[in-house]
Each structure stands twice: as C-alpha cells, then as structure tokens.
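S.K.: Have a look at this prediction, sequence included:
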Amino acid sequence: MRYLLILLISIVLLFSSGCTGPVEKTNIGGVDIGFLLNQPPRELREDANFMVGLELINNLPKAVEGTLCLSDTPANSFGGIQEPECRAIFMAPAEVSGNSKYVEESRFYFPETGSYYYHNLEMGIDTTTITAELEYSLESVIRGEICLKRDPAQEIADCRSNDVLTKGNKITSDFAPVTIDRIETSIVPEGGQNRLYLEIDITKIPYGEIISETGESILMMDIELAGTPSVFECYPLRNGGIRMVEDRKTVKCDSFISLGAQEFYMDSLIIKLNYDYSISASTGAIALKRKTGDR
C-alpha cells in the first residue's frame, strides 16, 4: 500500500509539472491570461510571418463567456494586427473537490488562419507591443449569517444587535476578483418596527478593471434576507450602481424588517454583485528589424 501511495503521488507531481502555464501571466484571482513562449518572438524581421498564442486559465467555479481581443502599437498601414481583432470565447468552470481545484486551461491562436507580418517599416518604427484583453461578465455571491431579534435591547447569547461579519468568520463568498470581506450590522427600533443597517466593504483585487457601458467602473448590487421580507436601499449610488474608483469601497444599506411572532432567529444575508470585468496582458516592446537601413 505504501509503494502504491508513493507511485500515485509521483504520477500527480509528474502531471502537474507537465501542465506548464504561459509566460507573462496575469494572475488576477479569476481568469489568468498570458502569452505562450515565443508566440510572438522577441524580435520580428520585416515581412517575417508570425502568430500569437495565448493561454487562459479559468480559476472560477463558473463558466466564463467573453470577448478576447488582440491589438498592437504600429499603424495598420505597416501590417501586423489589423486592430482590434476580437473573438467570442467560452471556458468551462474550474472543478472544486474538497481541498483540490482543477482549473480549465484553454489556448487561443491569432489569427485563426494564416499569419501576421509587418511591412513597409519606416524610420522610427522600431518596436511593436502586442496586447491581449479579455472582457467577461461575472456575478459574485456573498453570504453572511446574522441574528435578527425583535427587541434590540434584549440580551441574547450569540445574538447581537450590533455585529461585525468578516470573511472566514460568518461570511462565505465566491472565488472572484470582486467580493466583500466585511459587513457591519446593527438593528435599530424605529416606529414600531426594526430597521437593519448594513455597512458593507467591497474589495477588488489590484489587477483588472470593472467596466460598464458608461465608461465608468460601476457594479450592480442586490441584497436580500433568505427568510425575512426586506427591501434594501443603498448609498452612495451612481447610475443605479456602485462606482468603484479604487480597490475598496464602503457602501451603506438599510431595510425595515419584521420577525413575525418570533423573538429572534438566524437568517442568511445574500449579496450578489454583478459586473463586467476586463483583464489584459502585454508582451512589452518587441524589436522590429527593417530590411533596409533607410526609407
């Protein structure tokens, strides 16, 4: 049995080492994107054919549908990528089993047929930079366990009128580039009812950008209590959504709640963040070699 276990571990390690990732990878906690080795080369001669190879890794436990675009810096008159060149892509979700995760790796090649080349290069056109950009839509789901009670002043063990929920402690969330890591709750009596106040800290990883049709970094947020009627109003809002100028934003929300005949009970706070996300990777400067010294 011991030798069988060692053999199985060796096979796993061999398989893992064979699954090499792309170079110049952008690891953003959602989808990783990078260029395959020497696709394109570090140096390109005039009229020399080349292709661009990309590897995308979906770390998310959900499928990704998006648009993958490729562009370069020289003008279209010098050939190369007649930008922008885009295509729709689909990536299957990562599979999570216990403490193990099996990610979905996909390779894409540009152009789909033929190849690129630069021509009629003039003085000063010495380099090109190729950029790959992926845009896709996401929904992050965050759940928090809170205790609701009829009388906020009543002392009940493990049921606080004012509480702080943190990631890993009463908060569970999807693996995503935008999530919530802290929720402060307070229950306040108001006009014969209780009002639940929330202070929500939304965080974004430093790689990638939230995008929208307005050109602003805006995401939409929906809040509900699984077992309690509620209608939450939040602020500050912009165009009906939350504007994420920086990587962290605090939003305040509140709703009247009614517990019916119960004195207190636990409920699930469910928050959904919907947004479009953009990530990119760049080759850096690639040298272009002209056929002749002057033109």
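M.R.: Good, I have the coordinates.
S.K.: what about the stretch 101-250 of the chain, any weak spots by pLDDT?
M.R.: The stretch 101-250 of the chain contains no residues with pLDDT under 70.
S.K.: Show me the domain layout of the chain.
M.R.: With domains defined by automatic domain parsing, the chain comprises 2-137+278-289, 138-276.
S.K.: so how far does the shortest one reach from one end to the other?
M.R.: According to CA to CA, to the nearest Å, domain 138-276 extends 6 Å from its N-terminal end residue to its C-terminal end residue.
S.K.: Please determine how far Arg150 is located from Pro93.
M.R.: With distances taken as CB to CB, to the nearest Å, Arg150 is found 42 Å from Pro93. Where you see a C-beta, it was placed from the backbone N, CA and C, and this is true even at glycine.
S.K.: what do you get for Leu219?
M.R.: Counting by CB to CB, the gap from Leu219 to Pro93 is 21 Å.
S.K.: neighbour count winner among those two?
M.R.: Leu219 (22 against 15; other CB atoms under 10 Å).
S.K.: Is that one bridged to anything, and to what?
M.R.: Beta-bridge pairing of Leu219 under DSSP bridges involves Ile242.
S.K.: shouldn't it be in contact with Ile271?
M.R.: No: here Leu219 lies out of contact with Ile271, judged by CB atoms under 8 Å, at a distance of 11.3 Å.
S.K.: Check which helices and strands the strand ranked longest in the chain sits against.
M.R.: Using DSSP state E to define each element, the chain has its longest strand at strand 264-289. Here strand 264-289 touches strand 23-26, strand 31-35, strand 43-45, strand 127-149, strand 178-190, strand 193-204, strand 209-211, strand 218-225, going by 3 or more CB pairs under 8 Å, 6 or more residues apart in numbering; DSSP states H and E.
S.K.: who's in contact with stretch 185-194?
M.R.: Contact partners of stretch 185-194, identified using CB atoms under 8 Å, 6 or more residues apart in numbering, comprise 146, 148-152, 161-165, 195-199, 256-259, 269.
S.K.: could you dump that stretch to PDB, C-alpha only?
M.R.: C-alpha atoms of stretch 185-194 as PDB (Å, rounded to 0.1, in the frame of the first residue of the first chain):
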ATOM      1  CA  THR A 185     -24.700  45.100  11.100                       C
ATOM      2  CA  SER A 186     -26.900  47.000  13.500                       C
ATOM      3  CA  ILE A 187     -30.600  46.600  14.400                       C
ATOM      4  CA  VAL A 188     -32.400  49.800  15.500                       C
ATOM      5  CA  PRO A 189     -36.100  50.100  16.600                       C
ATOM      6  CA  GLU A 190     -38.000  52.600  14.500                       C
ATOM      7  CA  GLY A 191     -41.700  53.400  14.600                       C
ATOM      8  CA  GLY A 192     -42.900  50.100  15.900                       C
ATOM      9  CA  GLN A 193     -40.600  48.200  13.600                       C
ATOM     10  CA  ASN A 194     -36.900  47.400  13.400                       C
END
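S.K.: Show me which positions of stretch 219-227 end up buried.
M.R.: Neighbour counts over stretch 219-227 (16 or more other CB atoms under 10 Å) mark 219, 221, 223-225 as buried.
S.K.: and what of stretch 272-284?
M.R.: For stretch 272-284, by 16+ other CB under 10 Å, it's 273, 275-281, 283.
S.K.: Show me which of the residues you listed is closest to Ile81.
M.R.: Using CB to CB, Thr283 comes nearest to Ile81 of the buried residues of stretch 272-284, at 11.5 Å.
S.K.: So what's the residue count around Glu263?
M.R.: Applying other CB under 10 Å, I find that Glu263 has 12 neighbouring residues.
S.K.: got the contact list for it?
M.R.: For Glu263, the contacting residues are 149-151, 154, 156, by CB under 8 Å, 6+ apart.
S.K.: related to what we said a few turns ago, going by neighbour count, which of the contacts of stretch 185-194 are buried?
M.R.: Applying 16+ other CB under 10 Å to the contacts of stretch 185-194 flags 146, 148-150, 161, 163, 165, 196, 198, 257, 259, 269 as buried.
S.K.: Any chance of a markdown table for those residues, columns distance to Val103?
M.R.: A markdown table is the format used below for those (distance: CB to CB, whole Å):
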| residue | distance to Val103 |
| --- | --- |
| Ile146 | 33 |
| Leu148 | 39 |
| Lys149 | 43 |
| Arg150 | 47 |
| Ser161 | 43 |
| Asp163 | 35 |
| Leu165 | 29 |
| Leu196 | 38 |
| Leu198 | 34 |
| Ile257 | 40 |
| Leu259 | 43 |
| Leu269 | 30 |
